[in-house]
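Peer 1: What shape does this take:
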Amino acid sequence: MNKLVVKWAVILIALVGSVFLLLPNYDWYSKTPSEREVLESSGDRPKRILNLGLDLRGGSSLLLELDVSKLSGRESLNDSMQRAIEIVRNRIDQYGVGEIPITRQGDKFISVQLPGIANPEQAEALIGKTAMLEFRLVDDSAKAQEAAQKVSELDNAFNTDGSLTEEAQALMPEGLSAMKSKDGYIQPVTATAAVTGADLENARVTTDEYGAPAVSFTFNAEGAKKFGDLTGRNLHKRLAIVLDNTIQSAPSINARITNNGIITGQFTMSEAQQLAIVLRAGALPAPVKIIEKRVIGPGLGEDSIKSGLKASLIGFLFIVLFMTVYYRTSGFISSIALVLNLIFLIATMSYFSATLTLPGIAGIILSLAMAVDANVLILERMREEYDKNQPLYLVIKEGYDKAWSAIFDSNLTTWIASILLFQFGTGPVKGFALTLTLGLLVGVFTSVFVTRAIYDLLLTANPKEIRI
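Peer 2: Numbering: from 1, shown residues only. Modelled structure (predicted):
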């Protein structure tokens, strides 16, 4: 098969694929913000589209701190941080907000970007829940109830996490503790949990016998066995369902229960949905505190987009004008490659569902500049060969061959720098590095492969049209 046909087949396939990837972007961003918000909340957001970062879309930025003093010690800090990040990500994903940048900063901090969410109270509550679900037996004996009453009379009976202080715990009989219920009453419960949420398989929103919102849960095989043993041995006793050291409800055990159960507790529908999410996502290894919160209005993002597009368009037009005037036909071919470069780059970023930020736009502009630089190197080499009165096909061939080493070296060194930035950078730095890396790859393809295919086609069809 003719090499030229293969080259153009590759280019056309890449162009058609890029248009296919860009169409969902056009369809999505041509909608009004309110229309996009409705679709996002219902989970109908397209998967492979370019996402706008916090600085372009507006929204909220949260900095979380993992309370390392509350770690169990069974796993390292690194493992705990990785698990915390994954749980936060799962919770946010189930909340209906897609493609949220969540990164680790330092030893114990987690940065969460919430583009498009200017009122993040619900997301904050969702992220911050430790979600430690426990099942403890309630002791209704007179002695236990009397001890719980004494605890309630103390001024500082509970720590900030809901557990008893040492002074209050000393008032409780051996093997018992006390916890607050949602309505404020203090009840005596077993000191250790017989079954925990670690054995949960699923949780979802349902309704109780009165039609009020509740959360049903399902245990895995091991959890079902443990829960069956617990309920079977303690018929007609009360079982406290505890979430983050607060008793949600304490129903009586009327029969042996194995794999299913329900949590009631005067929930609103929103509270029930959030509880189901945190139970499905799992418990954080330790509490997290929100130590910094920033809200960026959407107006700032719109201004940034308009300014960035205006600057990019003006710069692009100047480049096309200069290249066409100075290099004539060859300059126009380079300008075509530059347009294709931008199309291919945005399509590639859409395929990976990349998040575009202001530093990312800077990375795109820098990668386009590198592509122009590669074309300039090729054209200057071609002019050198042209001045030697070489045949046109040899001028083009030698121009590409002699410029390739300089193009490769300059792109390689920039690639190395961008990869290091992506590996060790955070937030906006990663965005800049990602767009620059992809832009360099696409730039080499358009500057070398696409332009050479155009020259080969002109050499075959009408070589007189080529002006070096």
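Peer 1: Going by C-alpha atoms from here, please, whenever you check contacts or count neighbours.
Peer 2: OK.
Peer 1: the residue most distant from the middle of this protein, which is it?
Peer 2: residue 389 (57.0 Å; CA atoms, centre = their mean).
Peer 1: Could I get the phi/psi values of residue 201?
Peer 2: phi -100, psi -40 (degrees, to the nearest 10).
Peer 1: isn't there a helix covering the residue farthest from the centre of the chain?
Peer 2: No: according to DSSP: H, G, I helix; E, B strand; the rest coil, residue 389 belongs to no helix; its state is coil.
Peer 1: all helices for the stretch 51-200 of the chain, in order.
Peer 2: 54-57, 77-95, 121-128, 142-152, 166-169 (DSSP state H, counting those that start in this stretch).
Peer 1: For the longest one, the averaged confidence score.
Peer 2: Pointing back at helix 77-95 there. Averaging pLDDT along helix 77-95 gives 75.
Peer 1: Mind giving me the packing neighbours of that helix?
Peer 2: strand 102-105, helix 121-128, helix 269-281 (3 or more CA pairs under 8 Å, 6 or more residues apart in numbering; DSSP states H and E).
Peer 1: In terms of mean pLDDT, which of those ranks lowest?
Peer 2: Across the helices and strands packed on helix 77-95, helix 121-128 gives the lowest mean pLDDT, at a mean of 67.
Peer 1: Please report how far the residue farthest from the centre of the chain lies from residue 401.
Peer 2: Remark: distance between residue 389 and residue 401 (CA to CA, to the nearest Å) = 17 Å.
Peer 1: List the residues that contact the nearest residue to residue 333 once chain neighbours are set aside.
Peer 2: Excluding the flanking residues, the one nearest residue 333 by CA to CA, 6 or more residues apart in numbering is residue 451, at 6.5 Å. Neighbouring residues of residue 451 by CA atoms under 8 Å, 6 or more residues apart in numbering: 333, 334, 337.
Peer 1: Would you convert the helices of the stretch 51-200 of the chain into TSV that also reports distance to residue 213?
Peer 2: As requested, the helices of the stretch 51-200 of the chain are exported to TSV (distance: least, CA to CA, whole Å):
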stretch	distance to residue 213
helix 54-57	34
helix 77-95	18
helix 121-128	18
helix 142-152	30
helix 166-169	34
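Peer 1: Which one of these lies nearest to residue 178?
Peer 2: helix 142-152 (6.4 Å; CA to CA).
Peer 1: Go through that closest one and flag the buried ones.
Peer 2: With burial defined by 16 or more other CA atoms under 10 Å, the residues of helix 142-152 counted as buried are 144, 145, 147, 148, 149, 151, 152.
Peer 1: Check the nearest residue to residue 15 once chain neighbours are set aside and give its pLDDT.
Peer 2: Nearest non-adjacent residue to residue 15, counting by CA to CA, 6+ apart: residue 344, 7.3 Å away. As predicted, residue 344 sits at a pLDDT of 95.
Peer 1: how many other residues sit next to residue 371?
Peer 2: 28 (other CA atoms under 10 Å).
Peer 1: who are the neighbours in contact with the nearest residue to it once chain neighbours are set aside?
Peer 2: Nearest residue to residue 371, sequence neighbours excluded (CA to CA, 6+ apart): residue 443, at 4.9 Å. Counting by CA under 8 Å, 6+ apart, residue 443 touches 341, 367, 368, 370, 371.
Peer 1: hang on, the fourth one packs against residue 440?
Peer 2: Right, the one you point to is residue 370. Yes: counting by CA atoms under 8 Å, residue 370 touches residue 440, with 7.3 Å between them.
Peer 1: what is in contact with these two at once?
Peer 2: residue 411.
Peer 1: Name the helix or strand of this protein that has the lowest mean pLDDT.
Peer 2: helix 121-128 (a mean of 67; mean pLDDT, DSSP states H and E).
Peer 1: How is the protein partitioned into domains?
Peer 2: Domains of the chain are assigned by automatic domain parsing as 3-21+297-465, 59-129+290-295, 133-283.
Peer 1: And the longest helix anywhere in the chain, what does it pack against?
Peer 2: Longest helix of the chain, by residue count under DSSP state H: helix 298-351. Using 3+ CA pairs under 8 Å, 6+ apart, the elements in contact with helix 298-351 are helix 3-29, helix 54-57, helix 358-387, helix 428-444, helix 451-461.
Peer 1: out of these, nearest to residue 73?
Peer 2: helix 428-444 (31.7 Å).
Peer 1: Three-state assignment for the closest residue in space to residue 263 that isn't next to it in sequence, please.
Peer 2: Nearest residue to residue 263, sequence neighbours excluded (CA to CA, 6+ apart): residue 215, at 5.1 Å. Of the three states, residue 215 takes strand under three-state DSSP.
Peer 1: so residue 215 bridges to which residues?
Peer 2: residue 205, residue 263 (DSSP bridges).
Peer 1: Can you report phi and psi for residue 140?
Peer 2: phi -90, psi 10.
Peer 1: Just the pLDDT for it.
Peer 2: 89.
Peer 1: I'd like to know how far it sits from residue 146.
Peer 2: Where residue 146 is concerned, residue 140 sits at a distance of 10 Å (CA to CA).
Peer 1: Looks like residue 108 contacts residue 69 (just checking).
Peer 2: No: counting by CA under 8 Å, residue 69 is not a contact partner of residue 108; they are 10.9 Å apart.
Peer 1: quick one: which of those two has more around it?
Peer 2: residue 108 (16 against 9).
Peer 1: Below-threshold pLDDT in the stretch 51-200 of the chain: ranges please.
Peer 2: Low-confidence segments of the stretch 51-200 of the chain, defined by pLDDT under 70, are located at 72, 74, 90-91, 93-100, 117-120, 122-123, 125-126, 128-131, 161.
Peer 1: how many neighbours does the nearest residue to residue 208 once chain neighbours are set aside have?
Peer 2: Distance criterion CA to CA, 6+ apart; nearest residue to residue 208, sequence neighbours excluded, is residue 214 at 5.8 Å. The number of residues packed near residue 214 is 24, by other CA under 10 Å.
Peer 1: Same question for residue 209.
Peer 2: 8.
Peer 1: Mind pulling up the pLDDT for residue 436?
Peer 2: 89.
Peer 1: how close does residue 164 sit to residue 189?
Peer 2: In terms of CA to CA, residue 164 sits 12 Å off from residue 189.
Peer 1: Please enumerate the shared neighbours of these two.
Peer 2: With CA under 8 Å, 6+ apart, residue 164 and residue 189 have common neighbours 177, 178, 179.
Peer 1: Might one say that the first one is in contact with residue 171?
Peer 2: In this case it means residue 177. No: with contacts defined as CA under 8 Å, residue 177 does not count as touching residue 171, sitting 9.1 Å away.
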